[in-house]
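1. Pasting the sequence and the predicted model now:
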Amino acid sequence: MTVSEIITTFKKLSSPEDIEGMARFGITPEHTYGLRMPVIKKIAKNYKNDHELALSLWDINTRETRILASLVDDPKLVTQKQMDNWAADFDYWEICDQCCINLFRKTRFAYDKVYQWTNEDKEFVKRAGFALIAVLAVHDKKQDDEIFIKLLNIIERESKDNRNFVKKAVNWALRQIGKRNVKLNKIAIDKAEEIDKIDSKSAHWIAKNALKELKDEKTIQRIKKK
C-alpha cells in the first residue's frame, strides 16, 4: 500500500465526531482525520520496520500519518537527527507521547535524548524528555535502578516548570519510576517529599499528586507482586 492509498484509507475512515471529541482532551493537531488509536494500530500491522515509509508519512503533517510513522518505523535505523527533527515538530501532547511510546524508547539513543531534551526550553521537546523517562521506566525492565535514581535529580530540577504539559510529564516520570519496584518506590517517595518543599506551585502539585499514588496501599501491593 502506497502513501496515497494510506491517505485514502484515512479519508474513508474519517470521523468528524471524533475530531470534536479529541479537542476536549487537548488533541489539537493542525490536521486530523479523527481516527481512534486502535484503528491506527490496526493499519500499522500491515507494515513492519519500514523506515522509508515512516519518513514519508512524517512529512505529511496530519495526526494519523505521524502517529502511523512512529508505529511502522525501524528503531534500528532511526538517527539522532531524525529524533531531534521530529521532536521539534511536536505541537501537542499526543504525538509527543506516541512517538516516545512507539518508537523513541526502542532506539539506542533513548537515554541520550532524555538528558538532552529535559534540558531544552521548547515545551513539547522538554515534555518528550520526561515522557521518555516514564516509558523507559515501564518498558526497559533490564535497566539498572541507579540510572533511574539519577534521573530523579532531573525531575527535581525541572519540577518548577509551571507549563501544563511539562509539569504533567515530570509528574508522570516520577510516578513511573516509583512504581518500577519496591526499592525505587521508597526512593521516589523521598524525592517527591523533597520536591514538595520547593517554593513552587508546580513542584507542590507534582509532588502531592505523585505521593498520593506512590503511597497508596493498592499501588504498593501491585509493586510487590512484580
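-> Structure received.
2. where does this structure have its least confident helix or strand?
-> Lowest on mean pLDDT, DSSP states H and E among the helices and strands of the chain sits helix 16-23, with a mean of 76.
3. What helices and strands are in contact with that helix?
-> In terms of contacts (3 or more CB pairs under 8 Å, 6 or more residues apart in numbering; DSSP states H and E), helix 16-23 is not packed against any helix or strand. No exception for glycine: its C-beta is placed from N, CA and C like everyone else's.
4. Contacts made by whatever helix or strand comes next after it with the rest, please.
-> For helix 16-23, the succeeding helix or strand toward the C-terminus, using DSSP states H and E, is helix 37-44. Residues external to helix 37-44 that are found in contact with it (CB atoms under 8 Å, 6 or more residues apart in numbering): Ile6, Thr9, Leu13, Glu64, Ile67, Leu68, Leu71, Val72.
5. If you count contacts, what does the next helix or strand after helix 37-44 end up packed against?
-> Of the helices and strands lying after helix 37-44 in sequence (DSSP H and E), the nearest is helix 51-58. Under the contact criterion of 3+ CB pairs under 8 Å, 6+ apart, the helices and strands touching helix 51-58 comprise helix 3-13, helix 63-72, helix 80-89.
6. what do you get if the cut-off is 7 Å, keeping everything else the same?
-> Taking 3 or more CB pairs under 7 Å, 6 or more residues apart in numbering; DSSP states H and E as the contact definition, the neighbouring helices and strands of helix 51-58 are helix 63-72.
7. Distance of the residue most central in space within the chain relative to Phe90?
-> Among the residues of the chain, the one closest to the centroid is Asp97, at 3.0 Å (CA atoms, centre = their mean). Summarising the geometry, the distance separating Asp97 from Phe90, computed by CB to CB, to the nearest Å, is 9 Å.
8. what's the closest non-adjacent residue to Ala137?
-> Take Ala137 and drop its neighbours on the chain: the residue closest to it by CB to CB, 6 or more residues apart in numbering is Gln176, 4.0 Å away.
9. May I see the buried residues of the least confident helix or strand of the chain?
-> Buried positions in helix 16-23, judged by neighbour count with 16 or more other CB atoms under 10 Å: Asp18, Ile19, Met22.
10. Stretch 201-217 now?
-> When neighbours are counted by 16+ other CB under 10 Å, the buried residues of stretch 201-217 are found to be Ser202, Ala203, Trp205, Ile206, Ala207, Asn209, Ala210, Leu211, Leu214.
11. Any chance of those in a markdown table with secondary structure and pLDDT as columns?
-> As requested, the buried residues of stretch 201-217 are arranged in a markdown table below (DSSP: H, G, I helix; E, B strand; the rest coil; pLDDT from 0 to 100):
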| residue | secondary structure | pLDDT |
| --- | --- | --- |
| Ser202 | helix | 98 |
| Ala203 | helix | 98 |
| Trp205 | helix | 98 |
| Ile206 | helix | 98 |
| Ala207 | helix | 98 |
| Asn209 | helix | 98 |
| Ala210 | helix | 98 |
| Leu211 | helix | 98 |
| Leu214 | helix | 98 |
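12. want to throw those into a markdown table with distance to Ile40?
-> A markdown table is the format used below for those (distance: CB to CB, whole Å):
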| residue | distance to Ile40 |
| --- | --- |
| Ser202 | 32 |
| Ala203 | 36 |
| Trp205 | 32 |
| Ile206 | 31 |
| Ala207 | 35 |
| Asn209 | 29 |
| Ala210 | 30 |
| Leu211 | 35 |
| Leu214 | 32 |
